[in-house]
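Trainee: kindly return the folded structure for what I paste below:
(2 chains)
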Amino acid sequence: MALKVIQPGLLTTIQDLGRPGYFHLGIPIGGAMDRMAMRAANMLVGNDEAAAGLEAVFMGPELEFSSDATVAVTGAEIPILLDGEEQPGWTGFPVKAGQILKFGFLKAGARAYIAVSGGIDTPPALGSRSTYAIGALGGIEGRAIASGDELPVGASGRVEAGATISEKLRRMSSSPTELRVLPGLYWHRITETAQAGFFDDEWKVAPEADRMGYRFRGGKPLDFVEREAPFGAGSDPSNIVDGCYPYGSIQVPGGTEPIVLHRDAVSGGGYFMIGTVISADMDLIGQLQPHMPVKFVEVSMEQALKARSDRSKVLQGMRESLG
Amino acid sequence: MTKQIRSPLPGTFYRKPAPDQPNFVEDNAGVKAGEVIGLVEVMKSFHEVKAEEDGNNVRFLADNEAPIMAGAVLAEMD
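Mentor: Prediction:
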């Protein structure tokens, strides 16, 4: 069984839930930008939640199936066309050998997840099939899929099509999207006025936002508290002595444009981080298109842990609804 | 009949290849299928938007450097 790539889309990559455990060596955690959507797509086609599928950003690929399969598309709202006939999102549907899956114009969200019964079966690299393109790791030859590729698909038992995840379990993003933030180690480096401004201002996704980081612009520049630069730190007030960058951390080079580090981020460097977007909201970032408005909302550790637990309950709800 | 040219991608729309160059296509000009009518910048790269069919009297609805969403109608033509 294989998936033949007729058109790759903009930048469609093989992703699973990532390769944790190597970030201290500079190899990012990788994996789907919207992990809940990736898990859901896998559940709908009877796969392990950690199986590999495709992450298509902004534009869908065009794929031909060499054998029968069950397929599900989750995440972004995008018309799903099987031999020209529209299929429902967040639902397993049957595909016959020789049929062609393609997509219309994106309607909402940014990334669609395509799961195929059996899962994509490229060789794992460091325990994951996720593509880390700038490190040429995972996926197919360490790169995004390209026209002519034949993506191997694993063996699968018979999977009943028709399983669906109800709308109330899918996450709806508001506008502006609210991203909850826990202020961090370097929060004291900006003035109280700048601290308040960061949360009061409306920010917009910059077009350069990608799997490494999401950049935002449009808010007021942050003013720094005066200091004498410590030995080893750069001269800009946003520089620190090199430190570790957590997933979700928000760095603001020069105090102007916040960047939230995402799945393919670097693991350390010399920019201060004002805080961290909580894990419960990282999937939301993966569904943001350029120019969309965002507000950062301050939360406490207690609220962050509660939000994480609430997301786990939604995931559990999906599993239970599919029995 | 009015035909539309839509952007497959969200991002920033540019009507010219570089700031000091002329527009790919001037207002009210004609285009051939496959002709580049502009660029969309997203994720640190620029992607060409091409006319999918021949047309006359192109009228741009999106300005140079305008933010656009996926599926946005960039221009209409006859």
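Trainee: C-alpha from now on. contacts and neighbour counts both.
Mentor: OK.
Trainee: how about the nearest residue to the residue of chain A found nearest chain B, chain neighbours excluded?
Mentor: Chain A approaches chain B most closely through A:Glu208 (4.0 Å), counting by C-alpha to the nearest C-alpha. Spatial nearest neighbour of A:Glu208, chain neighbours left out: B:Met43 (4.0 Å); criterion: C-alpha to C-alpha, 6 or more residues apart in numbering or on different chains.
Trainee: for the one you found, list the residues it contacts.
Mentor: A:Pro207, A:Glu208, A:Ala209, A:Asp210 (C-alpha atoms under 8 Å, 6 or more residues apart in numbering or on different chains).
Trainee: just the buried residues of those.
Mentor: For the contacts of B:Met43, a neighbour count by 16 or more other C-alpha atoms under 10 Å in any protein chain shown gives the buried set as A:Pro207, A:Glu208, A:Ala209, A:Asp210.
Trainee: show me what contacts the last one?
Mentor: A:Asp210 makes contact with B:Met43 under the criterion C-alpha under 8 Å, 6+ apart.
Trainee: likewise the first one?
Mentor: Contacts were defined as C-alpha under 8 Å, 6+ apart; by that measure A:Pro207 touches A:Pro290, A:His291, B:Gly11, B:Thr12, B:Glu41, B:Val42, B:Met43, B:Lys44.
Trainee: separation between the residue of chain B found nearest chain A and A:Ser156?
Mentor: Distances between chain B and chain A by C-alpha to the nearest C-alpha are smallest at B:Met43, namely 4.0 Å. The span separating B:Met43 from A:Ser156 equals 35 Å under the rule C-alpha to C-alpha, to the nearest Å.
Trainee: up against chain A, what does chain B have?
Mentor: Residues of chain B lying near chain A by C-alpha under 8 Å from any C-alpha of the partner chain: B:8-12, B:41-45, B:67-71.
Trainee: now for those, which sits with the most neighbours around it?
Mentor: Of all those, the highest neighbour tally under other C-alpha atoms under 10 Å in any protein chain shown goes to B:Gly11, namely 28 neighbours.
Trainee: who's in contact with it?
Mentor: Residues near B:Gly11 by C-alpha under 8 Å, 6+ apart: A:Pro207, A:Gln289, A:Pro290, A:His291, B:Val40, B:Glu41, B:Val42, B:Pro67, B:Ile68, B:Met69, B:Ala70.
Trainee: tabulate those (a markdown table), appending pLDDT, secondary structure and distance to B:Gln21.
Mentor: Formatted as a markdown table, those follow (pLDDT from 0 to 100; DSSP: H, G, I helix; E, B strand; the rest coil; distance: C-alpha to C-alpha, whole Å):
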| residue | pLDDT | secondary structure | distance to B:Gln21 |
| --- | --- | --- | --- |
| A:Pro207 | 91 | coil | 22 |
| A:Gln289 | 94 | coil | 28 |
| A:Pro290 | 94 | coil | 25 |
| A:His291 | 94 | coil | 26 |
| B:Val40 | 95 | strand | 16 |
| B:Glu41 | 94 | strand | 17 |
| B:Val42 | 92 | strand | 20 |
| B:Pro67 | 94 | strand | 20 |
| B:Ile68 | 94 | strand | 22 |
| B:Met69 | 92 | coil | 25 |
| B:Ala70 | 92 | coil | 26 |
